[in-house]
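>>> Structure of the sequence below:
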Amino acid sequence: MSSLDLNKIKKVSKNLTVLFISSKKKSKSKELEFFNNFFNNIILFSNTQKALNYFNTNEVDIVISDINDSSLCTFDMISQMKKSKKKLISIIHSNTNDPQNLIKSINLGIDGFLFEPLEENEFLAILSKSLKKVKTKNKNKKIKKSLKVLKQYQDAIDKNTIISKIDNEGLITYVNDNFCKVSEYTKKELIGKPYSIINHPNQSEKINDSLWKTIKDEKKEWSGVTKNISKTGKTYYVKTSMKPILSSKGEVIEYINIKSDITTIQSDKRNLMDEIDQNNLSLLLLLQIEEFDMIDKFYNIDIVNKIENAFGEKLLDYLPNEYIFENIYNIGNGQFALLTDFFTFSKTELNLNSYINNFIQNVKDSILVIDDIEYDLNIIVSYSFGKMHLYEDAKCGLDEAIVKKEMINFANDYSIKEHVEAKKNIEVMKMVKIALDNYKIVSYFQPIINNKTGEIEKYESLVRLVDEKGVVLSPALFLDISKKGSYYNKITHRVLENSFKILEQINTKLSINLSSVDIEKEETRRILYELLESHKDDAHRIVFELLEDEQVKNFNVIRRFIKKVKKMGVRIAIDDFGTGYSNFERLLKFEPDILKIDGSLVRNIAKDEFSRNIIETIVMFAKKQNIETVAEYVENEEIFNILNNLGVDYSQGYYFGKPENINLLDI
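You can find the predicted model right below:
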């Protein structure tokens with residue numbers, strides 16, 4: 001365009017009246033500043049209905065609007081304006097290239113579509129063609145006008161937008177460069193060929209039938225995700241909007257198809273959250289490559305990245321053909337998110353659980369080949385639908401599914417449950433802190449009876465918490481939660497202090513519970529050694545009960561501790577023996593003096609022959625090794641008599657006494 005032409009356009013435009021509709025504040029509108037360079041008379045509105053009212057009573061040459069939904073849809077507003085003034089020049093400006101808006105603009109005969117940031121040359125080109133149209137009173141039909149508009153701004157369309165036109169026979173009549181790029185066909189190879197040339201053979205017939213029924217029979221726009229195949233056999237997925245172009249008589253002339261390539265997976269979690277916020281209701285699938293943490297430890301970072309990226313690239317191929325999610329996100333650490341509109345999926349009438357099961361099976365049946373090495377991967381899936389807390393629900397559900405080793409977990413409201421649980425945990429932690437500050441972490445003591453004499457020979461020290469109302473709470477209500485915070489070690493230290501003080505009031509032996517967490521903590525070991533040293537005359541009355549624990553990190557530390565305290569006169573007991581974790585491994589490494597038989601066996605001994613046989617075997621083994629046995633949870637005389645007949649040395653349970661405050665005991 002010559003400088004003479006530019007000057008002429010600017011000169012003409014200065015005399016035109018422009019109606020400018022923008023949702024942005026006047027003081028912050030860069031667009032208004034831009035258009036002030038071309039027009040002297042601009043009337044500004046932020047409300048589409050008010051703009052239409054002004055238009056109906058005043059002379060307007062050009063209307064420029066952003067996509068404004070303040071009162072009346074922008075396209076409805078322009079449509080009504082064009083009915084009363086066919087020569088009206090209409091221009092849309094937007095910061096996105098939404099295919100839906102593009103289609104609406106074409107059908108409405110919008111003269112120009114400007115993307116941000118606004119470019120002077122682009123705007124002048126639109127203005128030049130629009131002014132020529134007004135001067136020559138061009139009365140072209142809507143379809144010809146649409147094609148001119150399409151050519152006018154197709155270069156400005158985002159590089160991922162794929163455009164094509166199809167005639168009534170299903171033959172391709174137009175494709176843009178991006179269509180050729182993604183399909184790997186040339187324009188010559190595509191024009192005149194059936195549109196089905198790019199259909200993937202595994203594309204669901206249900207999707208194809210729905211598409212053609214909607215656009216051909218119902219003459220409506222169809223939107224969805226389709227699975228395509230390129231010239232070289234490469235699978236790619238596109239989000240498709242196909243619209244029938246109708247004549248003035250309502251007959252289909254042809255179809256315009258606008259697509260966005262979704263084969264590339266987004267990698268930013270923020271994009272996922274933004275998309276959830278923008279949608280009305282969504283369906284979210286959150287999936288985890290099973291045992292990804294093991295993969296991460298076993299392979300170097302390059303291999304792990306290759307596995308994760310390759311899985312992501314194949315992810316859409318694993319989905320059942322009946323429905324393809326249009327939004328895929330790589331969350332990291334082997335996690336991926338699939339997002340779609342909830343109502344769109346609902347219309348398919350697919351059973352979601354069956355769909356996900358098929359998805360999981362497709363992954364299981366596949367083999368991922370990287371650098372000539374085959375990898376068998378499985379996935380765990382959590383899903384939720386709605387809007388509020390959508391990601392949080394799915395994440396909490398996925399975490400639970402991983403822990404429970406479940407393949408699928410429906411996770412709606414899981415974040416609420418977790419929030420309630422977190423609130424409860426905080427309340428417990430506050431309660432523990434108050435109890436520690438006020439010396440309300442106390443020890444209760446339960447008697448242990450010599451089965452032969454019937455006399456109390458020992459007490460077991462058991463932790464309790466007295467709350468602000470004076471209610472005594474068992475450790476089940478606060479101890480595990482305390483382990484997640486910083487108070488657990490303080491509780492242990494308070495129990496040790498309480499227990500060693502009580503030695504001065506009793507003349508029996510005293511059992512104190514210790515976990516591997518306690519023993520592995522250097523500070524706790526130091527306190528124990530100091531207490532034993534200060535009570536060395538009574539050390540022979542101390543029994544340390546080592547609790548069942550799968551979380552032992554360092555057996556050597558525990559073995560050295562046992563060896564040292566035994567030299568000081570302490571005896572060692574293994575708690576909950578007979579079930580659970582590595583009993584005989586602990587026997588070999590801990591060399592205990594006492595075995596405390598697991599309460600679940602003792603409770604069932606009167607009714608369950610299997611439990612009785614196990615206890616009998618434990619007793620026989622212990623006697624050969626010169627190890628004493630103690631039965632826990634002895635609740636009645638019948639259980640006691642059976643244990644006594646089997647040769648168990650000691651009994652502990654409600655039949656002989658509940659845990660009580662030492663001050664209440666008659667010693």
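
>>> Wait, a strand at residue 42?
Yes. Counting by DSSP: H, G, I helix; E, B strand; the rest coil, residue 42 is part of a strand.

>>> Quick check: it touching residue 31?
No. The criterion here is CB atoms under 8 Å, and residue 42 misses it with residue 31 at 10.6 Å. All C-beta spots, glycine's among them, are computed from the backbone N, C-alpha and C.

>>> which neighbours do the two share?
residue 20 (CB atoms under 8 Å, 6 or more residues apart in numbering).

>>> neighbours of residue 515, just the number please.
When neighbours are defined as other CB atoms under 10 Å, residue 515 has 21 of them.

>>> If you could redo that for residue 349, that was the one I meant.
Residue 349 has 8 nearby residues by other CB under 10 Å.

>>> Over to residue 274?
11.

>>> Also residue 608?
Neighbours of residue 608 (other CB under 10 Å): 13.

>>> Now do it, the pLDDT please.
Reported pLDDT at residue 608 in the predicted model: 90.

>>> Repeat that for residue 108.
For residue 108, pLDDT reads 82.

>>> Next: residue 627.
93.

>>> I'd say it and residue 593 touch.
Yes. Counting by CB under 8 Å, residue 627 does reach residue 593; the two are 6.4 Å apart.

>>> Tell me the spacing between residue 599 and residue 631.
8 Å (CB to CB, to the nearest Å).

>>> Those two - which one has more neighbours?
Per other CB under 10 Å, whichever of residue 599 and residue 631 has more neighbours is residue 631, with 31 against 19.

>>> How is the chain partitioned into domains?
With domains defined by automatic domain parsing, the chain comprises 3-156, 161-261, 269-412, 425-664.

>>> And the longest one, how far out from the chain middle?
Here the centre of mass of C-alpha atoms in domain 425-664, compared against the chain's by CA atoms, centre = their mean, to the nearest Å, lies 41 Å away.

>>> Ok, the first one next?
Counting by CA atoms, centre = their mean, domain 3-156 is centred 43 Å from the centre of its parent chain.

>>> and if you look at the third one?
Here domain 269-412 is found 9 Å from its chain centre; the criterion is CA atoms, centre = their mean.

>>> so who does residue 448 touch?
Residue 448 neighbours (CB under 8 Å, 6+ apart): 456, 457, 458, 459, 460, 511, 630, 650, 651, 652.

>>> and the nearest residue to the fifth one once chain neighbours are set aside, how many neighbours?
Okay, so that is residue 460. In space, and not counting its chain neighbours, residue 460 is closest to residue 511: 4.3 Å by CB to CB, 6 or more residues apart in numbering. By other CB under 10 Å, 24 other residues sit near residue 511.

>>> tell me the mean pLDDT over the helix or strand hosting residue 511?
Here residue 511, judged by DSSP states H and E, is contained in strand 509-514. Strand 509-514 carries an average pLDDT of 93.

>>> Skip ahead from the lowest-mean-pLDDT helix or strand in the chain and say which helix or strand is next.
Ranked by mean pLDDT, DSSP states H and E, the weakest helix or strand in the chain is helix 142-153, scoring a mean of 46. Under the assignment DSSP H and E, the closest C-terminal helix or strand after helix 142-153 is strand 161-167.

>>> Just the endpoints, please. Distance across stretch 561-572?
11 Å (CA to CA, to the nearest Å).

>>> what about residue 38, distance to residue 120?
From residue 38 to residue 120 the distance is 9 Å (CB to CB).

>>> now residue 74
Look at residue 74 and residue 120: by CB to CB, they are 23 Å apart.

>>> neighbour count winner among those two?
Regarding residue 74 and residue 120, a neighbour count based on other CB under 10 Å identifies residue 74 as having more, with 26 against 11.

>>> pretty sure that one contacts residue 92?
Yes. Counting by CB under 8 Å, residue 74 sits close enough to residue 92 to count as a contact (7.2 Å).

>>> can you list residues touching both of those two?
65, 66, 67.

>>> Was I right to think the first one contacts residue 88?
Which is residue 65. No. Here residue 65 does not reach residue 88: they are 11.8 Å apart, not a contact under CB under 8 Å.

>>> And the two? Which one has more around it.
residue 65 (24 against 20).

>>> Spatially, what comes nearest to that one if we skip its sequence neighbours?
That would be residue 21: by CB to CB, 6+ apart, it lies 4.0 Å from residue 65.

>>> any idea whether the most centrally placed residue in the chain is helix, strand or coil?
Among the residues of the chain, residue 395 comes closest to the average C-alpha position under CA atoms, centre = their mean, at 3.3 Å. Under three-state DSSP, the three-state class of residue 395 is helix.

>>> so it makes contact with residue 287?
No. The criterion here is CB under 8 Å, and residue 395 misses it with residue 287 at 11.5 Å.

>>> Could you tell me which residues touch both of these two?
residue 382.

>>> Low-confidence regions, the stretch 51-200 of the chain specifically.
68-71, 96-99, 132-160 (pLDDT under 70).
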